[in-house]
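> Next one to model:
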Amino acid sequence: MQWVRLRPRFTVRGLMALVAVAGVAAGAEGMRRRSEADSALARRYASLVDRPPRLSCGWAAAQMGEEKRRLLGEESRRRVDYYRAMEARYRRSARYPWLPAGPEPFAPDELTWALAGLTSADDW
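Below you'll find the predicted structure:
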């Protein structure tokens, strides 16, 4: 018995199917990576919401005037609202990576920090 060596046939239909399978696999991997990245960002914003401000008590708060403390309290609430909105945005984006994430909410302005004599939230 003689063995016949079969040559694969590369047809247009077969190559189109191969490209379609590769495209679906690449798209699924891209969505998985985006979902992981957005989930990490959502966890990061959740940790910022749970972190208490460092100026709420202690010597730094005692040395501040009443107006500066009030401004910092308002700014802190605005920042927490911003972090919660960003967390919700990235949680939704992680759950549904094929949908657009939508516009980013406005960040609280830095004017209050400048009035309080601080340069950024990192100075807390």
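
> which stretches of this protein form helices?
Along the chain, the segments classed as helices by DSSP state H run 12-50, 59-63, 66-95, 111-115.

> Any figure for the gap between the spatially most central residue of the chain and residue 6?
Nearest to the mean C-alpha position of the chain, counting by Cα atoms, centre = their mean, stands residue 41 at 3.4 Å. Per Cβ to Cβ, to the nearest Å, residue 41 is found 51 Å from residue 6. To be clear about C-beta, it is placed using only N, CA and C from the backbone, and glycine gets the same treatment.

> burial count for residue 70?
When neighbours are defined as other Cβ atoms under 10 Å, residue 70 has 13 of them.

> ok, now residue 100?
Around residue 100 there are 7 residues (other Cβ under 10 Å).

> what does the one 4 residues further on give?
By the criterion of other Cβ under 10 Å, residue 104 has 10 neighbours.

> you'd agree it is up against residue 82?
No - assessed by Cβ atoms under 8 Å, residue 104 is found out of contact with residue 82, at 9.7 Å.

> returning to that earlier point: which pLDDT value belongs to the residue nearest to the centre of the chain?
On the pLDDT scale, residue 41 is placed at 92.

> cool, the one 3 residues further on as well?
Here, the pLDDT recorded for residue 44 equals 91.

> quick revisit: for the residue nearest to the centre of the chain, which non-adjacent residue is spatially closest?
residue 90 (4.4 Å; Cβ to Cβ, 6 or more residues apart in numbering).

> Could you verify my assumption that that neighbour touches residue 48?
No - judged on Cβ under 8 Å, residue 90 makes no contact with residue 48 at a distance of 12.0 Å.

> The two: which is more packed in?
residue 90 (21 against 16).

> Tell me which residues touch the more buried one, please.
Counting by Cβ atoms under 8 Å, 6 or more residues apart in numbering, residue 90 touches 38-39, 41-42, 45, 101.

> repeat that with 10 Å
37-46, 101 (Cβ atoms under 10 Å, 6 or more residues apart in numbering).
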